[in-house]
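Novice: Coordinates for the following, if possible.
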Amino acid sequence: MYASLQELQSRLEPALLVDLADDDGDGQADDAVIAAALADADAEIDARLAPLYAVPFAAPPALVVRLSADLALERLFQRRRREIPPAEKVRLERARTLLGALALGEVLLSADGISPRAGSKSTTADDEKIFSRDELQDF
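Specialist: As a prediction, the model looks like this:
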C-alpha cells in the first residue's frame, strides 16, 4: 500500500477516523477496513497511471502517498454514506485534478527509479483508406 493508517490519522480527527472505520465497535479503526480503503485508492492510482508509469510503485513518491491517503478517506466516508466535510472535499478535488494531470503527462513524477514510459506515436499519417468496402467485396 502506498499510504498507511498514520497518513489517514494525520488528516482526520481520531474520533472521526474511528467512527468511519470501526465496524466491530471496539473503539479502534479496523485494520481490514483501512486496508480495503487504501487498496481501493491504490488501485485507482495504478489504473490511471499505468499507461505512463510502471505500477505498482515499489517505493512510491511522497505525492503518490498523499494521493492514496486522500482517495482512501473518500472511500471511508462513502462506505458510511457520510457527507465529506468541506475541507476534505477541497483536498479530494485537488487530488483528483492532480491525478488527472499525472495521467495525461501534464505533470510528471520525479523520484529515484521512477520515470515515464517512452510513449509511442501514431503511425497513421492521414485518414485516407487504402481499400474501400467495394474494392474488397470479392475477397
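Novice: who's in contact with the most centrally placed residue in the chain?
Specialist: Closest residue to the average C-alpha location of the chain: I45 at 2.3 Å, with C-alpha atoms, centre = their mean. Applying C-beta atoms under 8 Å, 6 or more residues apart in numbering, one finds that I45 lies in contact with 2, 55, 64, 67-68, 71, 99. (Each C-beta comes from the backbone N, C-alpha and C, glycine too.)
Novice: Need those residues in TSV (columns: distance to A87).
Specialist: Formatted as TSV, the contacts of I45 follow (distance: C-beta to C-beta, whole Å):
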residue	distance to A87
Y2	22
V55	29
V64	22
L67	17
S68	18
L71	16
L99	19
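Novice: can you list these in TSV and add pLDDT and neighbour count?
Specialist: Formatted as TSV, those follow (pLDDT from 0 to 100; neighbours: other C-beta atoms under 10 Å):
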residue	pLDDT	neighbour count
Y2	97	25
V55	94	18
V64	97	25
L67	98	27
S68	98	26
L71	98	23
L99	97	20
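Novice: so where do the helices sit in the chain?
Specialist: 5-9, 14-21, 31-49, 62-79, 86-104 (DSSP state H).
Novice: ok, and what's touching the second one?
Specialist: In this structure, residues lying in contact with helix 14-21 by C-beta under 8 Å, 6+ apart are 8-9, 12, 27-30, 33-34, 37, 76-77, 79-80, 82.
Novice: So for that helix, mean pLDDT?
Specialist: The predicted model assigns helix 14-21 a mean pLDDT of 96.
Novice: Export it to CSV, keeping only CA atoms.
Specialist: Extracted C-alpha coordinates of helix 14-21, given in CSV (Å, rounded to 0.1, in the frame of the first residue of the first chain):
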residue,chain,number,x,y,z
PRO,A,14,-9.1,10.5,15.7
ALA,A,15,-12.7,10.1,16.8
LEU,A,16,-13.9,10.7,13.2
LEU,A,17,-11.5,8.1,11.8
VAL,A,18,-12.7,5.6,14.4
ASP,A,19,-16.3,6.4,13.5
LEU,A,20,-15.6,5.8,9.8
ALA,A,21,-13.6,2.6,10.2
